[in-house]
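>>> okay, here's the prediction I keep looking at, along with the sequence it came from:
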Amino acid sequence: MPAILIVEDEAKMRRLLELNLGEEGFTTLSAGDAESGLKLLRENSVDLVVTDLKLPGMNGLEFLQAVKHQNAALPVIVMTAFGTVETAVEAMKAGASDYVLKPFSLAEMRMVIHKELDVHKLREENRSLREALGKRYAHPNVVARSPKMQEVLATVERVAPTNSTVLLGGESGVGKDLIARAIHEKSRRARGPFIKINSSAIPESLLESELFGYEKGAFTGANASKPGKFELADKGTLFLDEIGDVPPAIQVKLLRVLQEREFERLGGTRTVKVDVRLIAATNRDLRAALEEGTFREDLYYRLNVVPIDIAPLRERKEDIPDLASLFMERFCGGAGKPVKGIAPEAVRILVNYHWPGNVRELQNIIERACALAKGDVIEPADIHLDTRPVRDETSENHFLPEGMTLERWEDEMIQEALRRASGNKSQAARLLGLSRNALRYRLSKIGIADEGEKEA
């Protein structure tokens with residue numbers, strides 16, 4: 001069993017932790033001050049440290065820094081009094097894995113220890129992630145041909161069996177909800193509910209009641225009690241999308257649920273206990289929100305246990321052909337149209353596009369192509385892209401759309417001209433103000449064959 005070092009100057013508390021963790025099956029070492037703790041750490045193999053922040057001599061923060069200097073990967077849980085949360089946040093910044101507020105229950109301490117040991121095991125496994133990518137990972141409805149998506153699925157495989165909170169990052173439309181569902185379906189909670197809520201889609205005045213429920217009479221129109229999403233997700237997973245848009249007042253209640261697994265309904269006094277795994281997602285930079293003061297530091301560190309960043313579609317173009325085929329089968333089959341494939345030139349257009357709307361935009365483009373296709377193959381003329389320049393109002397440096405080069409922009413203009421000319425290359429040349437030979441040269445550069453045609 002794992003070995004745990006306890007550093008606590010109160011003898012009764014130290015002995016209580018020793019006995020309780022010993023009954024749980026852990027091997028325990030203990031010290032009454034930081035200096036003795038460091039000595040034990042040097043002489044013994046330890047898997048996790050539990051330390052008070054208020055210690056005689058070297059204080060808890062200094063002890064934490066010394067531990068991290070000795071072994072940066074070693075998980076450290078800090079204990080602190082209820083009124084000193086700011087100190088706990090400083091400890092998290094210095095490398096602490098988690099914190100527990102005094103007074104705490106022994107059950108809470110055991111839960112936090114088990115969670116941190118799970119996370120530590122996960123991170124140790126992820127050190128060899130690059131080598132492990134020789135194995136191909138797969139999940140239904142998740143296309144992962146690209147190395148970046150293989151890395152995401154490899155992390156999903158490792159984090160899913162744990163109860164750790166996961167924070168999904170990435171631009172809007174990259175598929176964070178699919179990754180959240182994959183984590184749930186590969187977890188021990190797969191038979192439980194998977195509940196999704198989008199914070200930005202619900203008015204601030206209603207978000208608290210949606211998350212935590214309400215009692216009869218809590219507000220005008222509350223004619224009956226109603227459970228919230230946390231209760232509905234009990235024994236399962238709650239996916240909280242756009243976590244960065246949650247207002248500060250509700251952030252406090254979220255922090256409590258993550259720490260204590262309990263809350264009260266709006267207008268109620270009865271404490272409701274839940275067993276819910278939280279997966280949060282954001283397309284915002286939460287670190288910037290921390291600096292602006294719009295997002296709580298302590299909540300951020302509670303959420304950011306296992307971060308998974310999903311790359312935008314323009315950075316994983318290897319996935320585009322498979323995604324297009326997946327959407328084609330879904331939409332063309334559902335519409336009863338006899339579309340059986342996508343022409344190579346049409347695929348090339350899709351691959352060369354910069355996809356500001358990511359996978360969601362690709363899905364819409366293919367659905368439109370299925371609706372407009374005249375034959376049994378989606379042709380370039382069926383692909384209708386939004387090729388309008390995208391201006392960044394906050395910066396004068398973005399002359400071209402984000403993620404675009406001049407060469408790629410020129411290629412897209414040529415493909416758009418071909419679409420508008422229904423594939424007639426002479427007419428496309430006139431739209432572009434080019435000679436037929438100049439267009440032929442540019443077509444050869446982007447790999448579109450010029451089979452010849454009658455001049456129009």
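Ah, there it is.

>>> now do the buried residues in stretch 139-152.
139, 142-146, 149-152 (16 or more other CB atoms under 10 Å). All C-beta atoms are positioned from the backbone trio N, CA, C, and that covers glycine.

>>> ok now that stretch, how far from the chain's centre?
14 Å (CA atoms, centre = their mean, to the nearest Å).

>>> same check, this time on stretch 153-160
The gap between where stretch 153-160 is centred and where its chain is centred comes out at 12 Å by CA atoms, centre = their mean.

>>> try stretch 59-76
28 Å.

>>> quickly run through the sheet partners of the strand or helix carrying L278, with directions.
L278 belongs to strand 277-282 when elements are defined using DSSP states H and E. According to DSSP bridges, strand 277-282 forms sheet pairs with strand 166-169 (parallel), strand 237-241 (parallel).

>>> now those strands as a markdown table including distance to E291 and mean neighbour count?
Putting the strands paired with strand 277-282 into a markdown table (distance: least, CB to CB, whole Å; neighbours: other CB atoms under 10 Å) gives the following:
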| stretch | distance to E291 | mean neighbour count |
| --- | --- | --- |
| strand 166-169 | 17 | 22 |
| strand 237-241 | 22 | 24 |
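
>>> what's downstream of the strand holding L278, the next helix or strand?
helix 286-292.

>>> what's that next one in contact with?
For helix 286-292, the surrounding residues in contact (CB atoms under 8 Å, 6 or more residues apart in numbering) are 167, 243-244, 295, 297, 300, 304.

>>> try stretch 302-311
115, 119, 122, 146, 148-149, 152, 155-156, 159, 164-170, 174-176, 179, 243, 255, 258-259, 278, 280, 286.

>>> and with 6 Å instead?
Residues external to stretch 302-311 that are found in contact with it (CB atoms under 6 Å, 6 or more residues apart in numbering): 119, 148, 152, 155, 159, 164-170, 174, 258, 280.

>>> could you pull out the buried residues of it?
Applying 16+ other CB under 10 Å to stretch 302-311 flags 302-306, 308, 310-311 as buried.

>>> which ones are touching L167?
Here L167 is in contact with 280, 303-304, 307 (CB under 6 Å, 6+ apart).

>>> closest one to R191 out of those, please.
Within the contacts of L167, the smallest distance to R191 is 22.3 Å, found for A280 (CB to CB).

>>> thought I243 was touching the closest one, still the case?
Yes. Between A280 and I243 there is a contact at 4.1 Å, judged by CB atoms under 6 Å.

>>> which one of the two is surrounded by more residues?
A280 (27 against 24; other CB atoms under 10 Å).

>>> strands of this protein, start to end?
3-7, 27-31, 48-52, 76-81, 98-102, 166-169, 194-198, 237-241, 262-264, 271-273, 277-282, 306-309, 341-342, 377-378 (DSSP state E).

>>> just put the ones you listed in JSON lines and tack on distance to I448 and mean pLDDT.
As requested, those are exported to JSON lines (distance: least, CB to CB, whole Å; pLDDT from 0 to 100):
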{"stretch": "strand 3-7", "distance to I448": "65", "mean pLDDT": "96"}
{"stretch": "strand 27-31", "distance to I448": "68", "mean pLDDT": "95"}
{"stretch": "strand 48-52", "distance to I448": "60", "mean pLDDT": "95"}
{"stretch": "strand 76-81", "distance to I448": "59", "mean pLDDT": "91"}
{"stretch": "strand 98-102", "distance to I448": "56", "mean pLDDT": "89"}
{"stretch": "strand 166-169", "distance to I448": "37", "mean pLDDT": "95"}
{"stretch": "strand 194-198", "distance to I448": "41", "mean pLDDT": "94"}
{"stretch": "strand 237-241", "distance to I448": "40", "mean pLDDT": "95"}
{"stretch": "strand 262-264", "distance to I448": "59", "mean pLDDT": "92"}
{"stretch": "strand 271-273", "distance to I448": "62", "mean pLDDT": "93"}
{"stretch": "strand 277-282", "distance to I448": "39", "mean pLDDT": "95"}
{"stretch": "strand 306-309", "distance to I448": "35", "mean pLDDT": "94"}
{"stretch": "strand 341-342", "distance to I448": "15", "mean pLDDT": "90"}
{"stretch": "strand 377-378", "distance to I448": "16", "mean pLDDT": "90"}
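
>>> buried stuff in stretch 273-285?
274, 276-283.

>>> burial of I183, as a residue count?
Neighbours around I183, by other CB under 10 Å: 29.

>>> against L122, how distant is the closest residue to it other than its chain neighbours?
Once flanking residues are discounted, I183 sits nearest to A160: 4.9 Å by CB to CB, 6 or more residues apart in numbering. Note on A160: its distance to L122, by CB to CB, to the nearest Å, is 10 Å.

>>> what sits against the closest residue to A224 other than its chain neighbours?
With CB to CB, 6+ apart as the criterion, A224 has its nearest non-adjacent residue at 5.4 Å, and that residue is K216. K216 sits next to 222, 224-225 when contact means CB under 6 Å, 6+ apart.

>>> roughly how far out does stretch 237-248 sit from the chain middle?
Its chain's C-alpha centre and that of stretch 237-248 lie 11 Å apart, by CA atoms, centre = their mean.

>>> contact partners of it?
180, 184, 189, 194-200, 204, 229, 276-282, 284, 286, 289.

>>> neighbours around D376, how many?
11.

>>> which one's the longest helix in the chain?
Using DSSP state H to assign secondary structure, the helix with the most residues in the chain is helix 106-126.

>>> so what secondary structure elements neighbour it?
strand 98-102, helix 147-159 (3 or more CB pairs under 6 Å, 6 or more residues apart in numbering; DSSP states H and E).

>>> could I get these as JSON lines with distance to I342?
Output for those, formatted as JSON lines (distance: least, CB to CB, whole Å):
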{"stretch": "strand 98-102", "distance to I342": "49"}
{"stretch": "helix 147-159", "distance to I342": "20"}
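
>>> next, count neighbours for K235.
So K235, with other CB under 10 Å, has 12 neighbours.

>>> that one reaches R191, doesn't it?
No. Contact criterion CB under 6 Å: K235 and R191 do not qualify, at 8.4 Å.

>>> for the strands of the chain, which one sits closest to E208?
strand 262-264 (10.1 Å).

>>> could you say what helices and strands the closest one packs with?
Applying 3+ CB pairs under 6 Å, 6+ apart, we find strand 262-264 packed against strand 271-273.

>>> for the strand it packs on, name the packing helices and strands.
Partner elements for strand 271-273 (3+ CB pairs under 6 Å, 6+ apart): strand 262-264.

>>> can you list the strands that the strand it packs on pairs with?
strand 271-273 (antiparallel).

>>> what does the partner strand contact?
Contacts for strand 271-273 (CB under 6 Å, 6+ apart): 261-264.

>>> likewise stretch 189-199?
Contacts of stretch 189-199 (CB under 6 Å, 6+ apart): 184, 229, 232-233, 235-242, 245-246, 277.
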